[in-house]
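> build me a model from this:
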Amino acid sequence: MNNVKKENTKNDYIPNLLKLYRQEIIPKMREIFGYTNDLAVPRLVKITINMGIKEATADPKLTEKAAEELAQITGQKPKICRARKAISNFKLKKGMAIGCCVTLRRYRMYEFLERLIVVAIPRIRDFRGLSTLSFDGRGNYTFGLTEQNVFAELDADKITRTQGMSITITTTSKTDKEAKELLSLFGFPFKK
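Numbers count the residues shown, from 1 in each chain. Okay, here's the model as predicted:
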C-alpha cells in the first residue's frame, strides 16, 4: 500500500463578503426576521451589469470599446446585445449591436460587489446615498451609475467617452424589507 499523503489541491480561497455573509449576516438576519433555518435566510443569486449604447447605431466600434471596458471592470467577457427588430425612428436595423451585458455569479459576484461597495461607490461625485425606492417588490435592487470611471480597474486617460450602466442585484428575498436589510448588512450606503 502506498501511504503517500495527498496534498490539498483544492483552492481554499473564499471572498471576504462571502465570509462576512456566512459568519455575521446569517445570524443577524435570523435574529431580525426569526428564520428557523440558515437556508431560509435570503442570499445573493447574481449581479447583472448592462450598458446600453445609443450612439452605437452611428458608430459600431463604440459597442466594442464599451464591451472591453466592461470586461476590465467585471473580469468576465460581456455578451453583445443586438436589436431584435428594426425601428426606423431610431435608425435601428435588426441585428445591430446596441449594448452589452454581464451576469456575475458565485465568487466573481462577491468580488465585484466588494469592489463596488469599497472602491467605486465612494468615488462617485456628490454622492448622498443610494435610493431605497429602487427595489422591484420581489427583493431585487437596481441602480444606475452615470460614469464608468468610478471603477479603479479602468485607466482614466484611456477613456474616450463616459458611459453609464445599470446594475441589478438579484436576491432570494421575498420582500423588499428583507432585501434592504441584507444589502445594508453587506455595507450598501442607502439614504437615511
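
> was I right about Cys136 contacting Thr142?
Heads up, residue 136 is Asp, not Cys. Yes - if you go by CB atoms under 8 Å, Asp136 and Thr142 touch, sitting 6.9 Å apart. (C-beta placed from N, C-alpha, C; glycine too.)

> what sits against the residue lying closest to Lys192 once chain neighbours are set aside?
Spatially, and ignoring its direct neighbours in sequence, Lys192 is nearest to Gly129 (6.9 Å; CB to CB, 6 or more residues apart in numbering). Neighbouring residues of Gly129 by CB atoms under 8 Å, 6 or more residues apart in numbering: Pro189, Phe190, Lys191, Lys192.

> give the buried residues for the longest helix seen in the chain.
Ordering each helix of the chain by length in residues (DSSP state H) puts helix 61-74 first. Neighbour counts over helix 61-74 (16 or more other CB atoms under 10 Å) mark Leu62, Thr63, Lys65, Ala66, Ala67, Glu69, Leu70, Ile73, Thr74 as buried.

> how about stretch 32-41?
Buried residues in stretch 32-41, defined by neighbour count with 16+ other CB under 10 Å: Phe33, Val41.

> how long is that stretch from one end to the other?
One end of stretch 32-41 sits 11 Å from the other (CA to CA, to the nearest Å).

> and the contacts of that stretch?
Ile25, Ile26, Met29, Arg30, Glu178, Glu181.

> of those, which is the nearest to Ala120?
When those are ranked by distance to Ala120 (CB to CB), Ile25 comes first, at 20.9 Å.

> can you list the strands that the helix or strand bottoming out on mean pLDDT in the chain pairs with?
In the chain, no helix or strand scores lower on mean pLDDT, DSSP states H and E than strand 79-82, which sits at a mean of 77. Using DSSP bridges, strand 79-82 pairs in its sheet with strand 97-104 (antiparallel).

> by contact count, what packs against the next helix or strand after the partner strand?
Sequence-wise, the next helix or strand downstream of strand 97-104 (DSSP states H and E) is helix 106-115. Applying 3 or more CB pairs under 8 Å, 6 or more residues apart in numbering; DSSP states H and E, we find helix 106-115 packed against helix 16-20, strand 44-52, helix 61-74.

> alpha carbons of the least confident helix or strand of the chain, as CSV, please.
Listed next in CSV are the C-alpha coordinates belonging to strand 79-82 (Å, rounded to 0.1, in the frame of the first residue of the first chain):
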residue,chain,number,x,y,z
LYS,A,79,-22.3,39.5,-24.2
ILE,A,80,-23.1,41.9,-27.0
CYS,A,81,-26.8,42.7,-27.1
ARG,A,82,-28.4,43.1,-30.5
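
> where's Val118 relative to Lys61, distance?
To Lys61, Val118 is 33 Å away according to CB to CB, to the nearest Å.
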